[in-house]
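Novice: okay, predicted coordinates and the sequence, questions at the end:
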Amino acid sequence: MSDSRKKTDNKSNWIINFDKIEDSTRRNYFSVLPQENRLMEFFSEAFVINKPKGSVGGDGFWLHNHGDDVYLALFTCVGEGHLASMMIRIYMNALKKMVEGYSIDFTGSILQFLHREVQARFKDKNNILLNTNANVGIVKLNTKTKEMEFAGANMDLLQVHRRGIKIVKGEEMQVGEKRELRSNYTSISLEDAADSSFYLCSTGVFNLIGGPNFKKLSKEQLAEYLREHRKDTLLDQKRLTEDYLATWTGANRQNDDIMVIGFKA
């Protein structure tokens with residue numbers, strides 16, 4: 001076999017193997033996340049939009065129930081690609097460790113646990129390419145009383161009800177490796193939870209550039225759009241929201257991972 005033929009075959013094999021690795025990584029990324037229909041076990045209506053920028057994403061979500069309480073978290077790991085996808089699994093394992101070994105009830109306490117767990121895990125980190133920080137929003141719902149609370153680490157919660165919209169602010173500090181800063185995350189009780197729709201959005205949603213003035217999409221703009229469609233079912237809202245984000249971006253390239261979770265108590 002000639003050298004040129006060998007080089008062509010080696011290149012073809014490399015492409016085939018790379019494609020297999022990409023497919024495996026993509027399957028692993030999506031398999032670690034809960035199925036969308038699981039949300040319907042605890043919420044009256046719900047949807048998930050998950051559109052990674054590449055083959056894998058840096059956005060993830062977590063669902064857990066204990067008695068009448070259900071916990072739902074969305075997190076955006078800083079960075080992109082395989083390293084961000086790896087951090088999703090690390091955050092998921094930390095949350096699993098928490099529910100199996102600790103009795104932590106408040107959403108703010110869960111964020112504080114995550115913060116300390118990541119610090120401990122990476123205290124001797126020497127991979128400068130790996131960013132362990134994440135933006136996290138978490139809600140806790142009592143399925144009987146419909147009482148709900150929220151805590152955010154550099155992430156807010158959008159609330160839409162018949163009287164208007166509300167952006168429930170989280171703390172500005174991310175969860176992660178900034179050990180020199182003390183982390184305190186506040187648990188916020190939510191009013192009108194039974195009569196509202198709620199939306200957790202990853203950071204990438206508000207990094208989308210487009211619209212009439214070629215600017216980033218704001219939380220207020222998305223919340224107002226959702227308010228206009230508050231009488232639609234969340235299944236319809238999922239399709240409408242996907243269309244809205246695509247129209248906003250227009251001919252521009254998707255520049256970040258996108259995840260939106262909508263739900264009603």
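Specialist: Structure received.
Novice: mean confidence for stretch 163-181?
Specialist: Averaging pLDDT along stretch 163-181 yields 85.
Novice: what lies in contact with that stretch?
Specialist: 75, 78, 111, 114-115, 118-119, 122-123, 125, 131-137, 150-159, 183-186, 188, 190, 192, 219-220, 223-224, 226-227 (C-beta atoms under 8 Å, 6 or more residues apart in numbering). For glycine as for every other residue, the C-beta is placed from the backbone atoms N, C-alpha and C.
Novice: go again using 6 Å as the cut-off
Specialist: 111, 114-115, 118-119, 122, 132-136, 150, 152-157, 159, 183, 185, 219, 223, 227 (C-beta atoms under 6 Å, 6 or more residues apart in numbering).
Novice: of the residues you listed, which belong to helices?
Specialist: Counting by DSSP state H, those place 111, 114-115, 118-119, 219, 223, 227 in helices.
Novice: what's the most distant pair in the residues you listed?
Specialist: The distance between the two most remote of those (C-beta to C-beta) is 38.8 Å, for Gln119 and Arg227.
Novice: what about the strands in the stretch 101-250 of the chain?
Specialist: Ranges of strands in the stretch 101-250 of the chain, per DSSP state E, counting those that start in this stretch, are 134-142, 148-153, 157-161, 164-168, 188-189, 197-201, 209-210, 215-216.
Novice: what angle separates the fourth one from strand 157-161?
Specialist: Put plainly, it is strand 164-168. Per axes from the mean of the first three to the mean of the last three C-alpha atoms, to 10 degrees, the angle that strand 164-168 makes with strand 157-161 is 160 degrees.
Novice: hey, what's Asn65 bridged with?
Specialist: Applying DSSP bridges to Asn65 gives these bridge partners: Val70.
Novice: where's it relative to Val99, distance?
Specialist: The spacing between Asn65 and Val99, counted by C-beta to C-beta, to the nearest Å, is 10 Å.
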